[in-house]
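S.K.: I'll drop the sequence and a predicted model, then ask my questions.
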Amino acid sequence: MSRRHILITGGSSGIGRALALRYAEEGARLTLFGRDASRLEAVARACRDKGATVETLRIDIQNRVGMAAAIEAAFSRAPIDVLFANAGVATGLSPGQVLEPAESVRATLAINVAGVFNTVEPAIIPMTSRGSGTIAMVGSMAGVRGLPFSPSYCATKAAVHSYAESLRGVLSPHGVDVSLIIPGFVKTPMSERTKSWQPGVMSDTRAAEIIVRGLERRKAVIAFPRFMFFALRFFTFLPPRLVDSVMLRFSADVPQTSEREAV
């Protein structure tokens with residue numbers, strides 16, 4: 001049985017939870033970060049029942065100093081083999097709305113971008129010093145091409161995509177893999193709040209299986225469903241106003257995040 005050490009942020013829900021349960025089936029050592037202590041403990045119990053060793057930490061990924069200390073502590077217990085920068089929030093617009101609240105936009109940026117940096121940066125030196133390890137960053141189809149109903153969320157995921165692509169080239173010569181995960185619609189509590197057409201929607205269990213298999217094959221980009229990924233990539237070669245007009249034909253109601261800018 002595998003005793004790999006897997007660290008997952010946002011491990012209490014959605015894709016993070018599904019990944020934890022999937023790796024638990026291999027008997028992995030899991031370190032799960034999240035902000036909801038009761039949900040974290042519920043996931044931990046389920047993973048332990050499958051044979052995993054689990055440690056949990058209630059932490060806000062916006063806390064740069066706290067994240068650095070927590071990840072350093074996790075490495076001291078056992079070298080991290082796969083680190084998932086998974087935690088994030090979504091926000092967007094309702095029909096007829098043209099401006100997202102500034103406070104929710106800044107909170108989304110802080111969590112989805114700075115939070116990824118706070119997760120990844122503390123792992124770089126330990127992994128490159130050891131000459132092995134995988135950093136997996138969870139992006140989104142919304143980062144491939146901007147969507148008119150979720151401007152700030154699209155911007156944050158595009159930033160994650162660029163960061164992963166840049167780091168991959170930097171860290172590869174040092175034996176560290178960087179994989180960018182680009183999911184489409186996955187049945188999670190976050191996506192269920194969005195009212196829109198959701199082509200290719202799949203369960204979080206199926207998404208976790210695709211991700212794990214992709215990492216085993218050391219894929220640089222793990223995008224699913226593939227038809228959606230290729231369609232959005234194709235759209236980037238078409239006249240922008242034409243694509244905008246097509247996208248505006250589809251209605252979407254994306255709830256605003258409850259997160260607010262810390263001032």
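M.R.: Cool, got the structure.
S.K.: in the helix-or-strand element of the chain with minimal mean pLDDT, what counts as buried?
M.R.: The helix or strand of the chain with the lowest confidence, counting by mean pLDDT, DSSP states H and E, is helix 189-192 at a mean of 78. Going by neighbour count (16 or more other Cβ atoms under 10 Å), the buried part of helix 189-192 is 190-191. Yep, even glycine has a C-beta here, placed from its N, CA and C like the rest.
S.K.: So which elements touch that helix?
M.R.: Packing contacts for helix 189-192, counted by 3 or more Cβ pairs under 8 Å, 6 or more residues apart in numbering; DSSP states H and E, involve no helix or strand.
S.K.: what's the next secondary structure element after it?
M.R.: strand 195-196 (DSSP states H and E).
S.K.: how far does the helix or strand just after that following strand sit from the chain's center?
M.R.: With elements assigned by DSSP H and E, the helix or strand that comes after strand 195-196 is strand 202-203. The chain centre lies 16 Å from the centre of strand 202-203; the measure is Cα atoms, centre = their mean, to the nearest Å.
S.K.: same thing with stretch 112-121?
M.R.: Using Cα atoms, centre = their mean, the offset of stretch 112-121 from its chain centre is 10 Å.
S.K.: cool, stretch 238-245 as well?
M.R.: With Cα atoms, centre = their mean, you get 28 Å for stretch 238-245.
S.K.: Kindly report the same for stretch 126-141.
M.R.: 13 Å.
S.K.: mind checking the end-to-end distance for that stretch?
M.R.: For stretch 126-141, the first-to-last residue distance is 30 Å (Cα to Cα, to the nearest Å).
S.K.: if I look at residue 81, how far off is residue 166?
M.R.: 22 Å (Cβ to Cβ, to the nearest Å).
S.K.: what mean pLDDT does stretch 84-104 have?
M.R.: Computed over stretch 84-104, the mean pLDDT rounds to 94.
S.K.: Quick one: distance of it to the chain centre.
M.R.: For stretch 84-104, the distance to the chain centre is 15 Å (Cα atoms, centre = their mean).
S.K.: Using CSV, write out every CA atom in that stretch.
M.R.: Output in CSV follows, covering the C-alpha atoms of stretch 84-104 (Å, rounded to 0.1, in the frame of the first residue of the first chain):
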residue,chain,number,x,y,z
PHE,A,84,-2.7,20.3,-3.8
ALA,A,85,-3.4,24.0,-4.0
ASN,A,86,-7.1,23.4,-4.2
ALA,A,87,-8.9,25.8,-1.9
GLY,A,88,-10.9,28.5,-3.5
VAL,A,89,-14.1,30.4,-3.8
ALA,A,90,-16.4,31.4,-6.7
THR,A,91,-18.3,34.6,-7.2
GLY,A,92,-20.1,36.2,-10.1
LEU,A,93,-23.0,38.1,-11.5
SER,A,94,-26.8,37.6,-11.6
PRO,A,95,-28.8,38.4,-14.7
GLY,A,96,-28.9,42.2,-15.2
GLN,A,97,-26.0,42.8,-12.8
VAL,A,98,-23.0,44.6,-14.3
LEU,A,99,-20.7,45.1,-11.3
GLU,A,100,-19.4,42.7,-8.6
PRO,A,101,-19.1,44.1,-5.1
ALA,A,102,-15.6,45.4,-4.6
GLU,A,103,-15.3,43.6,-1.3
SER,A,104,-16.1,40.2,-2.7
